[in-house]
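K.L.:
sequence and predicted structure, then a few things I'm wondering about:
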Amino acid sequence: MRHDLLLVDEDTTIINLNIRDYSDISNFGNFRIRRTSQLKPLFEVYCASKGLGRTQLHCLFNGICLQDTQTLEELGMEDDNNIDTMTLQ
């Protein structure tokens, strides 16, 4: 499933990200997002597609817990990186 999360200008660097469910690695979504955009809109779209509330989802990148206010640039994310998610029960 591919989502174009934000409209981008030609000069804007965008990153393709894969968000995958930690319990089912084969289940993932592909998103395009600006390097300087906060992660909050990305998480909201992903949660909506899974029928989850934002507080039910824990997101990790290289073992680091991600916050809504962080950007891809701050985290040093590159094209085709993976964000792992865990659903909290």
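P.N.:
All right, it came through fine. Numbering: from 1, shown residues only.
K.L.:
and for residue 31, the neighbour number?
P.N.:
By other Cβ atoms under 10 Å, the residues close to residue 31 number 22. To be clear about C-beta, it is placed using only N, CA and C from the backbone, and glycine gets the same treatment.
K.L.:
whoops, residue 79 was the one
P.N.:
Residues lying near residue 79 (other Cβ under 10 Å) number 12.
K.L.:
surely it forms part of a strand?
P.N.:
No. Assessed with DSSP: H, G, I helix; E, B strand; the rest coil, residue 79 is coil; it does not lie in a strand.
K.L.:
angles on the backbone of it, please.
P.N.:
phi -50, psi 140 (degrees, to the nearest 10).
K.L.:
any idea how far residue 64 is from it?
P.N.:
Here residue 79 is placed at a distance of 19 Å from residue 64 (Cβ to Cβ, to the nearest Å).
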